[in-house]
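**Q** my questions are about this predicted structure, shown below with the sequence.
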Amino acid sequence: MSKRFDVIVYGATGFTGSLVARYLAAESESALSSPSALKWAVAARSEAKLVQVKEQLKAKLPDVAPELIEAIPVIVADSSDEKSLVQMVQQTKVVVSLVGPYKLYGELLVKACAENGVHYCDLTGEIVWIEDMTAKYAATAARTGAVLVNCCGFESIPSDLTTFLVADRIQKKLNSSTSTVDFYFTDIKGEASGGTLASVFAIMETSTSKQLLASRNPFFLTDEKTIAEKQAAGLVGPNTSSIAVQYDKAMGFWHALFIGGSVNQAVVHRSNYRLHNKYGSKFVYQERMAIGGLFMQLLATFGTLLVSTMLYFSWTRALLKRLARAPGQGPSEESMLQGYFVAEAAGYSEDGKLAVKSKTVGTGDPGYRLTSRLISECAFCLAKDEFGESTNLKGGFYTPASAFGHKLADRLQTKKFMTFELKDVMQRALFRRLVASPERVWTASFRRRHQMPAFVLVSDLWTDAGFSDPNPATDLNPMGELGLQCLLFFVENYRAETAMMRRGRGGYPFAKAAVAIARSLSLIVHLMDSSGNPGPFPVSVALFWQLFEREDGFYQLFALAFLTFEELFCEEVANNPWMRDSNACSMAVVDKLVAAVELKLTAKLKKAPLKLADLQDLCSNGRHIVDKQEECNPAALSASRSSTGSNDSSSVWRQHHTSGRKTMRELGENWGKEAEQDANTSSKGSYRLKPRMPEIERPASDSSQASGVSSNAESPSPLHSQNPACVEAEDSVDEEEDEPDQAASEPTEDLFAGLVTKSFVDSKSCERDAELETPALVARSC
């Protein structure tokens, strides 16, 4: 049934209520001048005061026609008269309640909304009252479909939404739950609300000592079972309850007890509870104040303890009442415009590592101007059924984050009331490790030959390396961090191969290729689906490792795929002369080669769980190592072709690569001896890349004999000899850094000794290669 109003502002005669009315009158979504805008009315117990509010609006809003303001509907309803409240709520879809203290004046309105299926939002921070209302009316609201959202102002939207966004980023970027979010107010300018102070006094006067003690539990607004589970897990009583001044190394500042922290932490934990532990089953939130240095924190702690003590005793509480601002009073317009707050947060993944940092900024006096806009936007969400990710939210009691989620965050950012800036700490740490790696694999993939400082995070050099934006995070899909982790594993454990694959010019974007390969492997083993969501087998990256016998199983699999990609890339270059002359191949070529790698591996990796032993037959019988004296050049390529009488750039490679085989351990030992010998004979200076194979006995029928190639001759590999771009001579300024050390050539002890991919394409995969329109790959395989 259609309602007369979309929104009724109840308590419009108060200071904050009048600010809400002013905002609704001017805002486009509810503007009085727009026939299609939301329809709204003001309500209170005094009609005369409501008329005064409309007169104030005429003075404050000169751009709005006076007759439109005069036409704003007025409804009289008393918070102690249940009948008048029922008549009021039956005319609207949403009620905005601004009448506090809610413990004294709020219950009958909550009851009326719950029983009549009317949505409701308020500014309460009285968590004892919220718990009481939930126990009494949650079942009724669930039956009627009424959505009741508490704490829709400065208390607790900044804390609640920031935590929601941080946990969501960790989930999407790392496929991990969140273990902890530490939230700090680092700067604030505003005045304490008279209504808020009145609510604090009401709580202290009407609550028992037992209720006050219980409300200090950070999980107070969940349920008894959850509280018991958290207590058993040792999660009750995080640092928020500590009165000690502490130092956060990750954030770099001192922090102290925040008097509003107990309310916000209860709301944030309720959000996680209402979202079915979306943040994590062991998630803990703490909120502190970090304004100023150590001295300021000590002073703030003393002041907080003094005020808390005075609130506890009736005679000192009466003194505070006389000093506090009365409800209905507020700061000047100029003061409200100059107000703001700044908060910073740190989010930790399920393994306890710092994953995301955030900065939240609010404009306008937090307790008045900003709060009036926050609750108004919540009312818009309720009126337009903007409930989180869906439009069908079941009735009940909610927090702002659990009810609206991204929808509310987007509204606040679009209208510039609040901004949320999130930084991926783990991603940046991975970038720094790549830049600082001994092999300089990252800077070697830049075409301009610049050394990139470890502290540079946003630079045009990222676009030079193949990224589409100066900020490399822009291009990273949800598997980006995993791809960078895989690349780091490769760089640190396959150092000779890393040096072999380095290119200053004519190469592919090294890191982006790694990210693409990691994502492809994640699809194959069901770590994620095609849209980037977690796959059906594991539920997180941490649990994914259980699919393998060894913790580095996925990394080893990545190394196999990456070297396969390298082989296919060099063959592609050998068959496409234009790629030799270009600065770097396009991402379209990279994507095509990644798809070819995926086709090769899918048949072997189509089932999960997977054991590394199942992959041994995918490994070939040789490695490529760094050699200082031998050069690979176009002449060598021509010679290898003429010696075989073949124009197929990969024929020599196939002859050498598919001949008689030894065990992987024997091949690894052979490679290790040769690598050590090469390292001992190395001298300072620029070096070249040379393929080398272990000496093996070849069958008499080996195809190399038929083509006149000696069985002991070293055949150039298309991995390098076919591609002039594969040959890298370091600049003189880099010679000292590029000297291959003995440690870099030591063999890696792993299940993939002798890790270079072989050709194992069957007739079906040949057909698939043909469908990819990749002539070089089809020619080599078929």
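**A** Everything's here; your move.

**Q** C-alpha only now, for contacts and for neighbours.
**A** Noted.

**Q** counting by contacts, list what the longest helix belonging to the chain packs against.
**A** Of all the segments assigned as helix in the chain under DSSP state H, the longest by residue count is helix 553-575. If you count contacts as 3 or more Cα pairs under 8 Å, 6 or more residues apart in numbering; DSSP states H and E, helix 553-575 packs onto helix 480-493, helix 510-524, helix 587-602, helix 775-781.

**Q** point out where this structure drops to low pLDDT.
**A** 1, 193-195, 236-241, 328, 389-391, 426-482, 499-507, 522-554, 579-585, 602-782 (pLDDT under 70).

**Q** which stretches of the stretch 1-150 of the chain form strands?
**A** 5-10, 40-44, 74-76, 92-97, 119-122, 147-149 (DSSP state E, counting those that start in this stretch).

**Q** now distance to residue 557 too, for those strands, in JSON lines please.
**A** Listed next are the strands of the stretch 1-150 of the chain as JSON lines, based on distance: least, Cα to Cα, whole Å:
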{"stretch": "strand 5-10", "distance to residue 557": "57"}
{"stretch": "strand 40-44", "distance to residue 557": "61"}
{"stretch": "strand 74-76", "distance to residue 557": "69"}
{"stretch": "strand 92-97", "distance to residue 557": "55"}
{"stretch": "strand 119-122", "distance to residue 557": "52"}
{"stretch": "strand 147-149", "distance to residue 557": "48"}
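
**Q** wait, which of these is closest to residue 511?
**A** strand 147-149 (45.1 Å; Cα to Cα).

**Q** contacts for stretch 39-53?
**A** With contact meaning Cα atoms under 8 Å, 6 or more residues apart in numbering, stretch 39-53 is reached by 4-13, 18, 21, 30, 72-79.

**Q** correction: stretch 392-412
**A** 134, 138-139, 141-152, 157, 160-161, 164-165, 267-268, 270-272, 274-275, 374, 377-378, 381, 385-389, 418-419.

**Q** same thing but at 7 Å, please
**A** 134, 138, 141-152, 157, 160-161, 164, 267, 271, 274-275, 378, 386-388, 418 (Cα atoms under 7 Å, 6 or more residues apart in numbering).

**Q** if any of those residues are buried, give me the PyMOL selection for them.
**A** In PyMOL, this line selects whichever of the contacts of stretch 392-412 come out buried by 16 or more other Cα atoms under 10 Å:
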select buried, resi 134+138+141+142+143+144+145+146+147+148+149+150+151+152+157+160+161+164+267+271+274+378+386+387+388+418
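
**Q** now, the contacts of stretch 392-412 that are in helices?
**A** 134, 138, 141-144, 157, 160-161, 164, 267, 271, 274, 378.

**Q** redo the residues you listed as CSV? Include distance to residue 189.
**A** Formatted as CSV, the ones in helices among the contacts of stretch 392-412 follow (distance: Cα to Cα, whole Å):
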residue, distance to residue 189
134, 33
138, 37
141, 38
142, 40
143, 43
144, 41
157, 17
160, 20
161, 20
164, 24
267, 23
271, 27
274, 32
378, 23
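
**Q** nearest to residue 510, of those?
**A** residue 164 (33.7 Å).

**Q** sorry, back to before: which of the contacts of stretch 39-53 are buried?
**A** Buried among those by 16+ other Cα under 10 Å: 5-13, 18, 21, 30, 72, 74-79.

**Q** surely residue 151 and residue 123 touch.
**A** Yes. Assessed by Cα atoms under 7 Å, residue 151 is found in contact with residue 123 at 4.8 Å.

**Q** next secondary structure element downstream of the longest strand along the chain?
**A** Longest strand in the chain by number of residues (criterion: DSSP state E): strand 178-189. Following strand 178-189 in sequence order, the next helix or strand is helix 194-206 (DSSP states H and E).

**Q** same for the helix or strand just after that following helix, what does it pack against?
**A** For helix 194-206, the following helix or strand on the C-terminal side (DSSP H and E) is helix 209-214. Judged by 3 or more Cα pairs under 7 Å, 6 or more residues apart in numbering; DSSP states H and E, helix 209-214 is in contact with no other helix or strand.
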